[in-house]
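Participant: below are the sequence and a predicted model; questions follow.
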Amino acid sequence: MAGGRTSKRALRVAYRCSTILAVGLTVVASPAQAQIEEIIVTAQKRSESAQRVPIAVTALDEAMLTEIGFDGFEDLSSVAPGLQLGTFGPWAFVNLRGIGQENNTAGGDPGVALHYDGVYIGRPVGFLFTAFDSERVEVLRGPQGTLYGRNATGGTINYITKKPTSEFGGSADIALGTYDLVSGRAAINVPLADGIAARLVGTFEQRDGFTKNLTGPDANDADDWGLRGHIQFDWGGPLTLLLSSTYVKSGGVGSKPESREPFPGTTTTPNVPLAGPPGFAFSGGPASGVPGFNTYTGFGPTPVNDLRPFRESVDTQLEHSQEFLLLSGTLEYDLGPVTLKSITGYANSYYLTRQDEDYSPLPLSEALFSEDASQFSEELQIVSNSNGPFKWLLGAYYFNEKAFRITEFFKGRFDVFAKQFNQRAGWWYSGNVNSRSHAFFGQATYEVLPGLLATGGLRHTKDRKQGINRGFHFQGAPFSGPVGGSWEKITYRGVLDYQVTNDALVYVSHSTGFRSGGINQAINPLLGNAVYEPETVRAYEAGLKAMLFDRRVRLNIAAYQNQYSKLQFQVLQINGPIAYNAPGAKVRGVELEALAELSSGLTVNTAVSYTDGRLDDVFIQGTQLGGNRVAKTPDWTFNLGATQKIEIGSAGELKLRGEYGYVGSSYTTPFNRRAGFADPGGSDFVPSHQNVNLRVFWLHPDRWTLELAATNVFNTAQIANLTRDVGFNDIPGGGGGELVTYKPPRQFTIRVGVEF
């Protein structure tokens with residue numbers, strides 16, 4: 001009951017904030033200012049104004065992406081309400097409206113889908129690439145179970161790159177910055193023949209790590225480069241063809257987590273009849289509450305962990321290697337009444353990362369993670385071209401992914417175990433997974449009355465996953481066995497939208513979504529619990545999209561409620577990461593976006609979201625989680641940005657940009673533990689944080705540009721992700737160590753560029 005009162009109070013606060021904002025914009029909007037430009041999106045797989053699409057969508061064009069310094073998907077958190085992005089090692093974690101990536105092994109799927117130029121990317125590492133030379137980004141919030149369908153219970157991010165044109169041109173820039181940053185980017189557009197043009201993009205970035213390692217190489221560095229190419233065939237007839245490729249390679253030490261706990265004075269080891277390696281002394285008695293384990297010490301004085309952010313002391317030779325390749329072809333044939341479209345895609349992603357798992361200078365534990373995945377997809381669409389009252393779209397989709405993942409632990413007691421049982425590593429699990437999906441979908445819109453549109457959509461999806469789990473755990477015997485499952489679901493969408501005026505749209509919608517079931521790769525299939533069930537959602541949304549004050553203010557508001565069934569979430573246990581299904585969860589909230597062209601060249605944008613997500617009753621590990629907040633979901637997020645343009649005569653134009661962001665507190669697991677950071681009970685609580693970015697742009701008439709940027713101006717510690725490690729790496733009595741990655745500290749950058 002108290003939670004309900006809190007939710008209602010927060011909704012009232014959000015409504016009042018939106019009202020105050022609208023009134024404020026009414027006061028300051030100047031009749032002399034330019035109107036806000038329309039953004040054309042393909043959120044419903046046809047070109048439409050973003051303000052005419054009855055979906056909560058954040059649409060960012062090239063100008064806005066440049067102003068916010070967009071160079072990767074983590075930058076979207078500062079402009080899209082309720083969107084949280086963070087990294088943990090080679091994995092990207094994306095959360096939207098309470099739903100994100102849970103099982104990051106090859107057996108799991110994201111809850112927020114990424115489409116790169118129309119191609120669905122199945123592995124989360126696909127989020128980790130440069131975003132230079134972008135045309136726009138569309139963030140569709142809420143389940144997209146009809147037109148996109150595959151694993152989009154939380155939403156979809158559509159990334160659209162710039163395509164070739166018939167004119168020669170391009171741009172290039174180079175940047176220097178904090179931590180010895182050196183980066184360069186270049187794009188060139190070349191007409192090759194009549195109706196044929198190419199566009200080539202290249203990037204590189206090198207930077208020292210901002211996490212200081214007292215006993216080895218610094219972590220969180222950058223050593224990346226990438227290439228992107230498009231060839232467009234457009235002969236002026238009904239047929240067009242676009243061939244595209246993207247390749248990104250990342251090296252160095254990479255993103256590495258830190259321990260948020262003191263180093264353990266003792267640790268755990270299997271109870272095996274072997275002498276330990278030199279320097280170890282075994283002692284009897286149980287530890288960590290795990291049967292069959294003893295403790296050992298013998299390394300001399302216990303080192304003290306520096307708990308400050310960006311400080312660590314590890315002995316492992318940290319390394320990171322990651323590659324992403326995407327090849328695609330888009331063919332369109334305009335038949336007049338309809339357009340046929342084919343999107344064919346192939347992607348390969350690979351990563352290998354080595355990290356210290358005891359997070360100390362002692363040689364106790366080292367982990368190696370590696371994954372190699374390839375996918376093929378084909379989507380066919382038939383889209384009506386009629387301007388009349390009836391519009392429709394039909395499609396078919398096929399997806400086939402093969403992935404291999406392995407996790408291995410070495411050093412200390414793990415080497416003892418490996419030697420006794422003739423294993424390469426003392427604790428490991430791996431698996432091959434083949435995921436297949438095919439779907440048929442359709443959507444139709446009919447103008448019932450002038451300005452009143454009714455839309456209905458339907459999708460039938462059938463997924464199948466088959467694989468082999470292999471591993472060697474503390475049970476003392478290797479295991480190997482087949483595992484898999486198949487699932488199918490019909491999802492649908494219904495919408496009523498009414499164009500109140502030419503500049504105001506209201507809509508209500510009801511939709512459903514489906515996320516495929518998955519495989520727990522760390523589990524011996526003979527012991528059960530190796531497969532978890534699909535996640536489904538029933539969503540209700542009401543929204544307003546308005547252009548106010550002679551189109552100088554854009555105001556979009558959405559309120560929603562999502563009821564999830566068999567919600568997927570993950571817990572790290574002694575046997576590794578295990579995904580579960582909660583009976584359900586209810587997530588509801590309000591989101592507001594506004595953009596205003598104010599007087600004297602001043603543009604202001606803001607995004608506010610309130611989210612209340614609670615789990616239904618569920619017992620996990622003997623703990624009742626009902627009523628707990630869903631993971632990785634702050635209650636409040638708020639972003640405010642302002643850009644002031646200043647004409648400086650023949651010298652061109654200055655643009656001053658400031659951004660403020662607030663992210664409320666959250667929990668990274670459904671256990672909602674908030675013990676002291678040094679408490680053996682542990683914590684998965686992420687405190688709120690604030691962030692300020694400042695930028696200055698000088699745009700010279702000769703098309704030279706100069707940018708000065710300061711990000712995280714006040715150098716605040718901002719947690720990007722927090723996880724509870726597997727239990728065998730924790731202090732005695734704990735349930736898994738607290739591992740944290742931080743968003744970058746304060747950085748300064750100077751960038752010089754030119755367009756030609």
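Facilitator: Received the coordinates, thanks.

Participant: which of the three states applies to residue 617?
Facilitator: With DSSP: H, G, I helix; E, B strand; the rest coil as the basis, residue 617 sits in coil.

Participant: that one - nearest residue in space that isn't next to it in sequence?
Facilitator: residue 626 (3.5 Å; C-beta to C-beta, 6 or more residues apart in numbering). For every residue, glycine as well, the C-beta is placed using N, CA and C.

Participant: quick one: residues contacting that neighbour.
Facilitator: 615-618 (C-beta atoms under 8 Å, 6 or more residues apart in numbering).

Participant: so what pLDDT did it get?
Facilitator: At residue 626, the pLDDT value in this model is 89.

Participant: assumed it was part of a strand.
Facilitator: No - Residue 626 sits outside any strand when classified using three-state DSSP, being coil.

Participant: kindly provide the distance from it to residue 110.
Facilitator: From residue 626 across to residue 110, the span is 26 Å (C-beta to C-beta, to the nearest Å).

Participant: confirm residue 606 sits in a strand?
Facilitator: Yes - membership of residue 606 in a strand is supported by three-state DSSP.

Participant: re earlier: mind giving me the ChimeraX select for the contacts of residue 626, buried ones only?
Facilitator: Only the buried entries of the contacts of residue 626 go into this ChimeraX selection, using 16 or more other C-beta atoms under 10 Å:
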select :615,616,618
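
Participant: farthest pair within the contacts of residue 626?
Facilitator: Of all pairs drawn from the contacts of residue 626, the greatest distance, 7.8 Å, lies between 615 and 617 (C-beta to C-beta).

Participant: spit out the residues that contact these two alike.
Facilitator: With C-beta under 8 Å, 6+ apart as the test, residue 615 and residue 617 both reach 625-626.

Participant: would you map the strands across the stretch 651-756 of the chain?
Facilitator: 653-663, 666-667, 685-686, 689-699, 704-711, 719-724, 738-742, 747-755 (DSSP state E, counting those that start in this stretch).

Participant: nearest the geometric middle of this structure, what residue?
Facilitator: For the chain, the residue nearest the mean C-alpha position is residue 94 (2.6 Å; C-alpha atoms, centre = their mean).

Participant: apart from its chain neighbours, what residue comes closest to it?
Facilitator: Per C-beta to C-beta, 6+ apart, closest to residue 94 is residue 112, 4.5 Å.

Participant: how many neighbours does that neighbour have?
Facilitator: Applying other C-beta atoms under 10 Å, we find 29 other residues in the vicinity of residue 112.

Participant: surely it touches residue 150?
Facilitator: No - counting by C-beta atoms under 8 Å, residue 112 stays clear of residue 150, with 11.6 Å between them.

Participant: run through the stretch 501-650 of the chain and note the low-pLDDT ranges.
Facilitator: 574, 621 (pLDDT under 70).

Participant: isn't the residue nearest to the centre of the chain right up against residue 101?
Facilitator: Yes - contact status for residue 94 versus residue 101: in contact at 6.1 Å, counting by C-beta under 8 Å.

Participant: overlap in contacts of those two?
Facilitator: With C-beta under 8 Å, 6+ apart as the test, residue 94 and residue 101 both reach 110, 112, 124.

Participant: list just the nearest of those to residue 497.
Facilitator: Nearest to residue 497 out of those is residue 112 (C-beta to C-beta; 24.1 Å).

Participant: hey, what's the closest one bridged with?
Facilitator: Here residue 112 shows beta-bridge partners residue 155, assigned using DSSP bridges.

Participant: quick check: buried residues in the helix or strand harbouring residue 564?
Facilitator: Secondary structure from DSSP states H and E places residue 564 in strand 553-573. Residues 553-560, 562-573 are the ones in strand 553-573 that count as buried (16+ other C-beta under 10 Å).

Participant: put together a markdown table for the shared contacts of residue 94 and residue 101, with distance to residue 438 and pLDDT on each row.
Facilitator: A markdown table is the format used below for the shared contacts of residue 94 and residue 101 (distance: C-beta to C-beta, whole Å; pLDDT from 0 to 100):
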| residue | distance to residue 438 | pLDDT |
| --- | --- | --- |
| 110 | 19 | 88 |
| 112 | 22 | 91 |
| 124 | 22 | 75 |
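
Participant: just give me the closest of these to residue 449.
Facilitator: Nearest to residue 449 among those is residue 112, at 35.5 Å by C-beta to C-beta.

Participant: show me what contacts the closest one?
Facilitator: Neighbouring residues of residue 112 by C-beta under 8 Å, 6+ apart: 94-96, 99-101, 152, 154-157.

Participant: circling back to that earlier point, would you convert the shared contacts of residue 94 and residue 101 into CSV that also reports distance to residue 635?
Facilitator: Formatted as CSV, those follow (distance: C-beta to C-beta, whole Å):
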residue, distance to residue 635
110, 23
112, 19
124, 25
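
Participant: which one of those sits closest to residue 740?
Facilitator: For the shared contacts of residue 94 and residue 101, the minimum distance to residue 740 (C-beta to C-beta) is 18.6 Å, reached by residue 124.

Participant: and for the closest one, the neighbour number?
Facilitator: Neighbourhood size, residue 124 [other C-beta under 10 Å]: 23.

Participant: who's in contact with it?
Facilitator: Contacts for residue 124 were tallied using C-beta under 8 Å, 6+ apart; they are 91-94, 101, 104, 110.

Participant: same question for residue 703.
Facilitator: Contacts of residue 703 (C-beta under 8 Å, 6+ apart): 754-756.

Participant: count the residues that sit near the residue nearest to residue 121 when sequence neighbours are not counted.
Facilitator: Leaving aside its sequence neighbours, residue 121 sits nearest to residue 114 (C-beta to C-beta, 6+ apart; 4.7 Å). Using other C-beta under 10 Å, residue 114 has 21 other residues around it.

Participant: pretty sure residue 114 contacts residue 123?
Facilitator: No - contact between residue 114 and residue 123 fails when scored by C-beta under 8 Å: they sit 9.5 Å apart.

Participant: what comes into contact with stretch 507-514?
Facilitator: Stretch 507-514 is contacted from outside by 54-55, 142-146, 149, 151-153, 457, 461, 489, 491-498, 534-543, 545, using C-beta under 8 Å, 6+ apart.

Participant: sorry, slip of the keys, the one I care about is stretch 647-662.
Facilitator: With C-beta under 8 Å, 6+ apart as the test, stretch 647-662 has contacts from 67-68, 77-78, 601, 636-646, 688-701.

Participant: just the buried ones among those residues, please.
Facilitator: The buried subset of those - by 16+ other C-beta under 10 Å - is 67-68, 77-78, 601, 636-643, 689, 691, 693, 695, 697-699.
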